[in-house]
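Colleague: sharing a sequence plus its predicted fold:
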Amino acid sequence: MTIRLAQQSDLPKILELNEKALPHVSKVQLTDMERFLEQADPFLVVESDHELAGFMIVLQEGLDYPSLNYAFFNNNYSDFDYVDRIVIAEPFRGQKLGTGLYEYLIANSDRSYVTCEVNTKPPNPDSMAFHLGLGFTQVAELVTDKGKKSVAMLIKKL
């Protein structure tokens with residue numbers, strides 16, 4: 001496993017992985033990924049056998065980012081890393097690549113918290129079990145889209 005910062009040349013593959021992870025992550029365009037490349041701190045990729053196997057996008061507080069989930073953490077916490085999304089390609093799941101990304105983030109963070117959300121409607125039980133296993137705790141649930149979607153808001157104190 002190799003973890004490194006994302007580069008412009010990685011974005012088409014990252015966008016492809018993001019599309020395959022729907023509906024557990026939100027749909028984005030290449031321009032959104034380019035904005036993440038500028039704003040995220042860090043925007044990480046993980047490689048396995050020289051193949052891009054996944055990515056993690058981390059945002060800091062105070063950005064102009066139109067996300068209700070991000071706004072929740074921005075309005076209720078300070079000094080945090082917000083994991084906007086983490087995706088591991090299907091063939092690489094179960095190989096601890098997601099754990100490796102979180103361990104890298106935590107080892108290199110000077111923040112008080114790592115925050116994220118996990119879908120509860122539609123449910124994403126694998127992601128919930130993964131995050132709870134890493135020591136995250138649920139602090140709230142946000143219901144959106146007139147009750148069609150909901151997410152568990154999770155934090156991990158560092």
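Modeller: Noted; the coordinates are in hand. Numbers count the residues shown, from 1 in each chain.
Colleague: can you tell me the element Y70 falls in?
Modeller: helix 68-76 (DSSP states H and E).
Colleague: what's the answer for E47, then?
Modeller: Per DSSP H and E: E47 is located in strand 43-48.
Colleague: over to L59?
Modeller: For L59, the host element (DSSP H and E) is strand 51-60.
Colleague: equivalent analysis for R4, please.
Modeller: Using DSSP H and E, R4 falls within strand 2-5.
Colleague: so how far is that strand from its chain's centroid?
Modeller: Centroid displacement of strand 2-5 relative to its chain, using C-alpha atoms, centre = their mean, to the nearest Å, is 15 Å.
Colleague: give me the buried positions along that strand.
Modeller: Buried positions in strand 2-5, judged by neighbour count with 16 or more other C-beta atoms under 10 Å: I3. (C-beta placed from N, C-alpha, C; glycine too.)
Colleague: next SSE after it?
Modeller: helix 11-20.
Colleague: against V25, how distant is the closest residue in space to G135 that isn't next to it in sequence?
Modeller: Nearest non-adjacent residue to G135, counting by C-beta to C-beta, 6 or more residues apart in numbering: K156, 5.3 Å away. For K156, the distance to V25 equals 19 Å [C-beta to C-beta, to the nearest Å].
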